[in-house]
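Engineer: Sequence plus the predicted model coming up.
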Amino acid sequence: MHVAAPTLNRIVRILQCQQSTFPQVYLGLPLSNVKLNLAAFAPLICKVDRRLASWQASLLNHQGRLVLINSVLDGLVNYMMQALPLPPGIISTIDSRRRAFLWTGTDKTNGAKCLVSWEVAQRPKREGGLGVRDLSTHNACLLLKLLHRLHHPEDLAWVAWARRSTDMVTLKGLADGNHWEGLWALLPAYRCFTRVQVGDDY
């Protein structure tokens, strides 16, 4: 990035690598130098659709479908959710697939075929719900782990780099950019859970 064309060509020759552009996929995650759009998450939606199509939903009752949703389908998005805040539109699209599979075993449904609302289905069973995971909350919890690692250093290279180049109170610094926005939004929740004012200790 930000390299003159002659220098870039020389680097490509020396390293024997390919020149590419953003957005692209790195370690299974969409990578971009600007804010990711919804199209960048299309492979995730395709992965969910492929998994749904492979199941014999007509042979399962609602309880069997619920187990598959919580144990398998939600696991497909865990990897991405622990690194990126999923846009609300993507979560809504995945929820529509999960809701349709739960109630009809297909990829589409309508409210008349749903025995309870999706909000009720996402409540814990002890509160009268079905225990379907709320992906927005699950995403936030996974991202909070990153904040925890930032403020409780371990032998992680990315943590050492981030602490050298970033203000731990505001998450601003040399590494400033869109990638911090999701974590920044979670900072009040992190302080609440830990009951520690990050600025006092770090």
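Structural biologist: Sure thing, it's come through.
Engineer: and stretch 24-42, which residues are buried?
Structural biologist: Residues 30, 36, 40-41 are the ones in stretch 24-42 that count as buried (16 or more other CB atoms under 10 Å). Placement of C-beta: from N, CA and C, glycine included.
Engineer: Helices along the protein, start to end?
Structural biologist: For the chain, the helices defined by DSSP state H cover 5-15, 42-54, 62-68, 74-81, 88-104, 118-121, 135-151, 157-165, 181-194, 198-201.
Engineer: Make TSV out of the ones you listed and add mean pLDDT and distance to residue 23.
Structural biologist: Shown next, in TSV, are those (pLDDT from 0 to 100; distance: least, CB to CB, whole Å):
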stretch	mean pLDDT	distance to residue 23
helix 5-15	91	19
helix 42-54	82	11
helix 62-68	82	31
helix 74-81	84	14
helix 88-104	86	15
helix 118-121	84	30
helix 135-151	82	20
helix 157-165	82	20
helix 181-194	60	17
helix 198-201	42	31
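Engineer: Distance to residue 22 for those - can I get that in a markdown table?
Structural biologist: Below are the helices of the chain laid out as a markdown table (distance: least, CB to CB, whole Å):
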| stretch | distance to residue 22 |
| --- | --- |
| helix 5-15 | 15 |
| helix 42-54 | 15 |
| helix 62-68 | 35 |
| helix 74-81 | 17 |
| helix 88-104 | 19 |
| helix 118-121 | 35 |
| helix 135-151 | 22 |
| helix 157-165 | 20 |
| helix 181-194 | 17 |
| helix 198-201 | 31 |
